[in-house]
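*Asks:* What shape does this take:
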Amino acid sequence: MSEPLTAPGEGFHPHLHDAPGRSAAPLRTRLHHVRAGSLDGDTAQTGGMRRFAAVSGRTVGSEKLWMGQTHVAPATSSSDHHHGASETAIYVVSGHPEFVFLDDSGDRAEEVRLRTSPGDYIFVPPFVPHREENPDPAEEAVVVIARSTQEAIVVNLPRLYALAAEDA
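*Replies:* Residues are numbered from 1 along each chain as shown. Coordinates of the predicted model:
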């Protein structure tokens, strides 16, 4: 037998109802239920894509984690950017987004393109410039993102390559 869904606006796990007249439990003692339709679009953005926060310091009081969705429209590329000191993990939900970065570990720098499919994961280390592209002319690409910081850090860059000290 399944449990009833959390009532809209309730925001917490359904097993943790407050008794009438009792004060609410502290933020860190409850599970939080963030519905798909209540994601927060008021977060750091990059041209060519739209980010929506689900779990953040502002939405649920997280201290070390940010998680949400990113949507990349058909035939669109994001701006080049990095995520500061944050580690970023990406799970591809739909579409076939491509992740582009500069590999400068060899004798000459080379642009690398990671072509993904639903179910794939990508890890982006801190400060690594990259961009997301959706080459599909008709289908939006949707990914779930988790970051090691409580808010979405986005540093937009004028180009994919690391900035020289005089450009910073």
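*Asks:* contacts, neighbours, all on C-alpha from now
*Replies:* OK.
*Asks:* what are the bridge partners for the most centrally placed residue in the chain, then?
*Replies:* For the chain, the residue sitting closest to the mean C-alpha position, by Cα atoms, centre = their mean, is Ile145 at 3.2 Å. Here Ile145 sits in beta bridges with Gly68, Ile90, going by DSSP bridges.
*Asks:* which stretches of the chain form helices?
*Replies:* Listed in chain order, the helices of the chain (DSSP state H) span 57-60.
*Asks:* For it, just list every one of the strands.
*Replies:* Along the chain, the segments classed as strands by DSSP state E run 50-55, 66-72, 76-77, 81-82, 88-94, 98-103, 110-115, 121-124, 130-134, 141-147, 155-156.
*Asks:* would a markdown table of those with distance to Gly37 and mean pLDDT be doable?
*Replies:* Below are those laid out as a markdown table (distance: least, Cα to Cα, whole Å; pLDDT from 0 to 100):
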| stretch | distance to Gly37 | mean pLDDT |
| --- | --- | --- |
| strand 50-55 | 10 | 83 |
| strand 66-72 | 12 | 89 |
| strand 76-77 | 24 | 92 |
| strand 81-82 | 27 | 92 |
| strand 88-94 | 16 | 96 |
| strand 98-103 | 26 | 95 |
| strand 110-115 | 29 | 95 |
| strand 121-124 | 24 | 96 |
| strand 130-134 | 23 | 94 |
| strand 141-147 | 15 | 94 |
| strand 155-156 | 27 | 88 |
